[in-house]
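# got a structure for you, letters missing:
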DNA sequence: CATTACCTTTACGTTAACGTAAAGGTAATG
DNA sequence: CATTACCTTTACGTTAACGTAAAGGTAATG
């Protein structure tokens, strides 16, 4: 079982150690200790990756915490399991909306780019014909 | 040409008027005035929609400002046009990454859901067999 | 003309997500 | 054993994106 120091993870994901400790403060990570020093398992590392992916998608840390809880089926009670399935479905629906937003935005930007190219070709024989 | 009051837009998009004025402060909107009162055109409304879509995707207001500028080819200089095309491409690449992140997250959540269902079926004959 | 429903500006307050600095502990290295 | 390279906690600071409150203007309505 591989383990990581806090600076190992900080370097790998290009964040500060402060950030990693902050996530622990907020209850998103819970590394074990060797004396005072934090020791991270590959499970901790996975959770950190989930947090950072969440950030790239505009999730708050609270939302990323929920995501993390969705990955780990520590639930035993079947009622809890049903609740979890429900929240997973909700999150998937939300992601679908985001996916849709992105696709539309990409199409819009593509049109925008084409308008730019059109404007460029009209000005093609102007003095500022940058070809570098 | 239809026009909107600030509360028209606030109601339509379920935000406060303070938020709309804040976006103006930050240079994302520039409505005309009828005396002191702000009048919004459908172009302003479109820009507001862009901002809110950006928010749903985790964009900062600075990033949404860039997006807005990408939609409007007020550039005439061909050098400026080339720069704009470049930034549009960059943004599209970034969106592609986000799209990828979302797809993976959705697959992960799907697996998670299946694990939950598996755990459920194992506990199916336990006392807490919620069927409501 | 008083009330109501909007609109305005100014300004201080709040929360999330860290940054930064201070003060100190430990383990290896020359 | 002094230096270096990490680690720790505590605590105050910072920025983005608004919220909230105060104080006042305008236009229609009964």
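Perfect, thanks for sending it. Keep in mind that what you see is a predicted model, and the values were worked out from it rather than measured. Numbering: from 1, shown residues only, chains lettered A, B, ... in the order given.
# residues contacting the spatially most central residue of chain A?
When Cα atoms, centre = their mean is applied to chain A, the residue found nearest the centroid is residue A:53 (1.5 Å). Going by Cβ atoms under 8 Å, 6 or more residues apart in numbering or on different chains, residue A:53 touches B:101, B:104-105. Using the backbone N, CA and C atoms, a C-beta is placed for each residue, glycine as well.
# which parts of chain A sit against DNA strand D?
Selection of chain A residues close to DNA strand D by Cβ under 7 Å from any atom of the strand yields A:5-8, A:17-18, A:21, A:36-38.
# For the residue nearest to the centre of chain A, identify the helix or strand it belongs to.
helix A:42-56 (DSSP states H and E).
# that older thread, drop anything exposed from the contacts of residue A:53.
B:101, B:105 (16 or more other Cβ atoms under 10 Å in any protein chain shown).
# and which of the contacts of residue A:53 is nearest residue A:1?
Closest approach between the contacts of residue A:53 and residue A:1, by Cβ to Cβ: residue B:104, at 24.8 Å.
# residue contacts, that closest one?
Contacts of residue B:104 (Cβ under 8 Å, 6+ apart): residue A:53.
# what about it, which helix or strand?
helix B:78-122.
# got the angle between that helix and helix A:42-56?
130 degrees (axes from the mean of the first three to the mean of the last three Cα atoms, to 10 degrees).
# just checking, residue A:26 touches residue A:63?
No. Between residue A:26 and residue A:63 no contact is recorded; they are 11.8 Å apart, counting by Cβ atoms under 8 Å.
# Which one of these two is surrounded by more residues?
residue A:63 (16 against 13; other Cβ atoms under 10 Å in any protein chain shown).
# tell me, how many neighbours does the nearest residue to that one once chain neighbours are set aside end up with?
Nearest non-adjacent residue to residue A:63, counting by Cβ to Cβ, 6 or more residues apart in numbering or on different chains: residue A:54, 6.3 Å away. Neighbours of residue A:54 under the rule other Cβ under 10 Å: 23.
# do the same with residue A:51
Neighbours around residue A:51, by other Cβ under 10 Å: 24.
# any idea how far it lies from chain B?
Distance, residue A:51 to chain B, using Cβ to the nearest Cβ, to the nearest Å: 12 Å.
# element containing the closest residue to that residue other than its chain neighbours, please.
Residue nearest to residue A:51 in three dimensions, not counting chain neighbours: residue A:64, with 4.6 Å by Cβ to Cβ, 6+ apart. Taking DSSP H and E as the definition, one finds residue A:64 inside helix A:61-71.
# what's the offset of that helix from the middle of its chain?
11 Å (Cα atoms, centre = their mean, to the nearest Å).
# Alright, calling it a day.
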